[in-house]
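A.B. asks: what would the 3D arrangement of this be:
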Amino acid sequence: MFSLRANVARRAPRAICTQCYSLSRPLSAIALKASLSRPTPSPTAFLPRSSAIILRTYADKSSADAIMEKLQDQYATARDEFEIAAEETEKKTVYAADDREAARTELDVLRGLYEEALGGADGEEVKKRIGGRLRELENAVEALEESAIEH
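C.D. replies: Here you go, the predicted structure:
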């Protein structure tokens with residue numbers, strides 16, 4: 001049998017490593033029973049008894065998450081309408097004007113939801129998360145409308 005450990009390491013005494021508490025060699029049943037006989041303290045044993053423990057699971061949503069979900073859905077709709085309008089405007093089809101109007105309408109709905117969210121308690125977080133993307137989409141829709149007027 002081939003081993004990467006040196007012969008000296010294989011002949012080392014059976015002991016528990018003090019740094020990682022892992023076994024370097026298997027212990028006998030008596031040694032194993034002795035090492036497991038001490039009770040291990042629970043993590044809450046180190047906290048003062050008077051402190052209240054407040055746990056929040058990662059599955060819980062904050063109030064900003066619910067608002068952001070609604071904004072994300074509306075942003076996706078507005079973005080899709082913009083892409084359709086850009087494609088139709090580039091092709092100069094009959095539907096281009098209606099598609100640009102639909103993109104502007106969806107953008108206005110998104111803008112209204114965004115303004116409403118800014119007035120709430122989580123306004124700063126909402127502004128950080130989606131404010132830049134909203135400005136970018138507004139600028140793109142305005143540029144699309146200007147390019148349609150020029151042609």
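A.B. asks: could you list the low-pLDDT ranges of the chain?
C.D. replies: Residues of the chain meeting the criterion pLDDT under 70: 1-61.
A.B. asks: all helices of it, in order?
C.D. replies: Applying DSSP state H to the chain gives helices spanning 7-10, 29-35, 63-91, 96-118, 123-150.
A.B. asks: could you dump those helices into a markdown table with mean neighbour count added?
C.D. replies: (C-beta placed from N, C-alpha, C; glycine too.) Formatted as a markdown table, the helices of the chain follow (neighbours: other C-beta atoms under 10 Å):
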| stretch | mean neighbour count |
| --- | --- |
| helix 7-10 | 8 |
| helix 29-35 | 11 |
| helix 63-91 | 16 |
| helix 96-118 | 17 |
| helix 123-150 | 14 |
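A.B. asks: quick one: residue 140 from residue 100, how far?
C.D. replies: 12 Å (C-beta to C-beta, to the nearest Å).
A.B. asks: same question for residue 143.
C.D. replies: Distance from residue 143 to residue 100, by C-beta to C-beta: 11 Å.
A.B. asks: likewise residue 119?
C.D. replies: 29 Å.
A.B. asks: one more: residue 83?
C.D. replies: Distance from residue 83 to residue 100, by C-beta to C-beta: 12 Å.
A.B. asks: now swap in residue 66 and tell me
C.D. replies: Relative to residue 100, and taking C-beta to C-beta, residue 66 is found at 31 Å.
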